[in-house]
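**Q** Sequence below, structure please.
(chains A and B)
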Amino acid sequence: MERAEVVELLATYGDRTPDQVRERIDSLELAWLLHQVEQRHAVALDLDDDSLMRMTTVDGAVAVLSEVLSRA
Amino acid sequence: MAAWVDEVLLAGGDNDGCLNFGGQLSRGDLRREVAQRQSALEDLGIKPGGTVALRLPPSLAYVANLLAAWRIGAQVSLLDHRLTDHEVGQALERLKPQAVVRFEGKLPGGLRAFYDVTDIPSAHPGESAATDHCVVQLSSGSTGPSKVIARTADSLIEEIERYKLIEGVPLPGERVVLLASVVHVLGLVGGLLYCLNAGTELTLPTRLTVDAILQAVAGGEAPATLLGVPFHIELLASTERPPRLPQLKRMTTGGELVRAQVYERFTDRYGVPLGNMYGMTEVGVIATDLFGQHRPSLRPAPGLTVRSDDGELLIGMPRSPYIGLVDPGRWADGWLRTKDAGTVDPGTGLLTVHGRLDSQVSVGGLKVDLTEVEHALAALPGVEAAVVVFDNGIEAYAVASAGVDELEAALGERLAPYKRPRAIHLVEQLPRTATGKLVRAQSVLRSSK
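**A** Have a look, this model is predicted:
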């Protein structure tokens, strides 16, 4: 999964532009991101605590989502 | 011993269900959990009029310790589990509890709505309660120390009774699926205490993801009300094709209104009313619109008097909800100043909230005073000046010799995660007006980068 897509999906929360999306992802944005990825890719992401803990930055989220989606 | 806990919260048959935190718990189970914590606190010497601080995440341990301390007749301070050690240290110095209940180990991450924790009560060098309040909470302070907000058992019972008089609240035998924190007023009184009193089951989803929330609704037969904050409406409304949920009866949130298109998307996709409530830690629920009939206005809750004074909403309150604070700007002559701009329609009695008059913002339903964040940042070594604003999140602008990573690490030790800026921008100088006042307009700050 590309970084640009993660940023684009995060930007849909609160109607932001991609440049308003920050590197750090808080818990609300994480819940938002997971759901948008699930809908767009038609997958159910049942991530464990460790994976979710790694998703506190955009880089971390890209890494985890790339791993998970390549397995799906 | 305080009889109100048994009468108002813990009454009912042994086998009646009451809580569902990853598994159903009966009233008998809860009474046993409470009794066990009560003897642990009594062993530490906690007596009627004693003081206990809880630093526990949403959990059965939190509920059981809270009710146990109240049952003894002690005053309980609630400390959000996300506060840093530094913030907790300051709070304990201020509140001087005789016992502190903490959790063992580190909490797992991952959007949990509740945790399975082992609670560890310990004695703390403190003092007996100076007042008859049963619960004490600290606000995010605007200047200097934060305010100590306190409620009596009577105030909590009155709030439960207020809820019961409002049409559209969850009924006995129904369920509440709680998405808001059970440590803060909406989840604590509107969720936990109301449910225990009314005989409504309180369910916490396993995680705060859409799937887990909808599973929690689908996981029982009884009608369910979702209780959360505006973010949860946005999240659930972003589901294009939600499953059919015949059990879902209503969603109610506290806090600011969501945009009209989000409101319409939610009610269209889920086919249930979306209700709104207005309240504050000092009072609890103040006004509601549970059927979305008066949007953006709300009907004051039965028994409360609300008026507008020079554009600010005031609530009739016979005594000040603050301990050790005499500030006529907050409470005077039986009126609490909400710091919310608002109007009351003389014809209908409906009130409309127009926003904050001070620097408080809401981050996922948690109140944060931007001045507290600004002071914490400005006080760090290597920071000359700082301005903190809210622009789709907390943003900081600083003149500093220290680097951003260094500042973020230092703030991480002093402020709970939800209070920290999403970004710190280093600038050559902060824009000022002709009279030397710091400019807080985002457009000007952005161009100073």
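
**Q** quick one, longest strand in chain B?
**A** The residue-count maximum for a strand in chain B (DSSP state E) belongs to strand B:335-344.

**Q** Right, and chain A sits closest to which residue of the stretch 201-350 of chain B?
**A** When distances are taken as CB to the nearest CB, the stretch 201-350 of chain B reaches nearest to chain A at B:V210, 4.6 Å away. (Glycine included, C-beta is placed from N, CA and C.)

**Q** if we can go back for a sec, ok, then the element right after the longest strand of chain B?
**A** strand B:351-356 (DSSP states H and E).

**Q** Next, the angle strand B:335-344 makes with that following strand.
**A** 110 degrees (axes from the mean of the first three to the mean of the last three CA atoms, to 10 degrees).

**Q** Can you name the element that comes right after strand B:351-356?
**A** strand B:360-363.

**Q** Using PDB, write out the CA atom coordinates for the next helix or strand after that next one.
**A** Sequence order places strand B:366-369 as the next helix or strand after strand B:360-363, per DSSP H and E. The C-alpha trace of strand B:366-369 is given here as PDB (Å, rounded to 0.1, in the frame of the first residue of the first chain):
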ATOM      1  CA  LEU B 366     -11.900  14.900  25.900                       C
ATOM      2  CA  LYS B 367     -11.600  18.500  27.000                       C
ATOM      3  CA  VAL B 368      -8.200  20.100  26.500                       C
ATOM      4  CA  ASP B 369      -7.300  23.700  27.400                       C
END
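
**Q** What lies in contact with strand B:366-369?
**A** Residues from elsewhere that reach strand B:366-369, judged by CB atoms under 8 Å, 6 or more residues apart in numbering or on different chains: B:80, B:139-142, B:181, B:184, B:281, B:358-362, B:394, B:418-419.

**Q** All the strands of chain A, residue numbers only.
**A** Here chain A has no strands by DSSP E.

**Q** how about the helices in it?
**A** A:3-11, A:27-41, A:49-54, A:58-71 (DSSP state H).

**Q** Check chain B too.
**A** B:3-4, B:27-43, B:60-72, B:85-95, B:153-164, B:185, B:194-198, B:210-218, B:230-237, B:260-270, B:370-378, B:404-414, B:442-447.

**Q** possible to save those helices as TSV with mean neighbour count and mean pLDDT?
**A** Converted to TSV, the helices of chain B look like this (neighbours: other CB atoms under 10 Å in any protein chain shown; pLDDT from 0 to 100):
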stretch	mean neighbour count	mean pLDDT
helix B:3-4	14	96
helix B:27-43	17	98
helix B:60-72	25	98
helix B:85-95	16	92
helix B:153-164	18	97
helix B:185	26	92
helix B:194-198	22	98
helix B:210-218	20	95
helix B:230-237	23	93
helix B:260-270	16	94
helix B:370-378	22	90
helix B:404-414	15	93
helix B:442-447	13	81
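
**Q** got a markdown table for these, with distance to B:V326 too?
**A** Output for the helices of chain B, formatted as a markdown table (distance: least, CB to CB, whole Å):
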| stretch | distance to B:V326 |
| --- | --- |
| helix B:3-4 | 29 |
| helix B:27-43 | 32 |
| helix B:60-72 | 27 |
| helix B:85-95 | 17 |
| helix B:153-164 | 20 |
| helix B:185 | 23 |
| helix B:194-198 | 32 |
| helix B:210-218 | 43 |
| helix B:230-237 | 34 |
| helix B:260-270 | 41 |
| helix B:370-378 | 20 |
| helix B:404-414 | 28 |
| helix B:442-447 | 36 |
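
**Q** For A:V58, which of those helices is the nearest?
**A** For the helices of chain B, proximity to A:V58 was assessed by CB to CB; helix B:404-414 is nearest, at 15.4 Å.

**Q** for the closest one, the distance to its chain's centre please.
**A** Remark: helix B:404-414 is offset 25 Å from the chain centroid, using CA atoms, centre = their mean, to the nearest Å.

**Q** what does stretch B:212-224 give?
**A** Averaging C-alpha positions (CA atoms, centre = their mean) puts stretch B:212-224 23 Å from its chain's average.

**Q** Okay, buried residues for stretch B:345-357 please.
**A** Using 16 or more other CB atoms under 10 Å in any protein chain shown as the burial criterion, the residues of stretch B:345-357 that qualify are B:L350, B:L351, B:T352, B:V353, B:R356.

**Q** Quick one: neighbours of whatever residue of the stretch 301-449 of chain B ends up closest to chain A, just the number.
**A** Closest approach between the stretch 301-449 of chain B and chain A, counting by CB to the nearest CB: B:R422, at 4.3 Å. Neighbour count of B:R422, defined by other CB atoms under 10 Å in any protein chain shown: 19.

**Q** related to what we said a few turns ago, quick check: which of the helices of chain A has the most neighbours on average?
**A** helix A:27-41 (a mean of 20; mean count of other CB atoms under 10 Å in any protein chain shown).

**Q** For that one, give me every contacting residue.
**A** A:1, A:6, A:9-10, A:12-13, A:25, A:43-45, A:47, A:52, A:55-56, A:61, A:65, A:69, A:72, B:111, B:208-211, B:231, B:234-235, B:238-240, B:364.

**Q** and the angle from that helix to helix B:230-237?
**A** Using the same axes, to 10 degrees: helix A:27-41 against helix B:230-237 is 10 degrees.

**Q** Can you give the distance from helix A:27-41 to the centre of its chain?
**A** The chain centroid and the centroid of helix A:27-41 are separated by 6 Å, computed with CA atoms, centre = their mean.

**Q** Check stretch B:371-389 too.
**A** Using CA atoms, centre = their mean, the offset of stretch B:371-389 from its chain centre is 25 Å.

**Q** any residue of that stretch up close to chain A?
**A** No: using CB under 8 Å from any CB of the partner chain, stretch B:371-389 stays clear of chain A, coming no nearer than 13.2 Å.

**Q** quick one on the thing from earlier: so which of the contacts of strand B:366-369 also contact chain A?
**A** Subset of the contacts of strand B:366-369 in contact with chain A: B:Y418, counting by CB under 8 Å from any CB.

**Q** Taking the contacts of strand B:366-369, please make a PyMOL selection of just the buried ones.
**A** To isolate the buried subset of the contacts of strand B:366-369 in PyMOL, counting by 16+ other CB under 10 Å, use the following:
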select buried, chain B and resi 80+139+140+142+181+184+281+359+360+361+362+394+418+419
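
**Q** Who are the contact partners of the residue of the stretch 301-449 of chain B closest to chain A?
**A** Contacts for B:R422 (CB under 8 Å, 6+ apart) come out as A:R22, A:R24, A:D26, B:G393, B:I394, B:E395.

**Q** same thing but at 6 Å, please
**A** Going by CB atoms under 6 Å, 6 or more residues apart in numbering or on different chains, B:R422 touches A:R22, A:R24, B:G393, B:I394.

**Q** Count the neighbours of the residue lying closest to B:R112 once chain neighbours are set aside for me.
**A** Among residues not flanking B:R112 along the chain, B:R207 sits closest, at 6.0 Å (CB to CB, 6 or more residues apart in numbering or on different chains). Using other CB under 10 Å, B:R207 is surrounded by 22 other residues.
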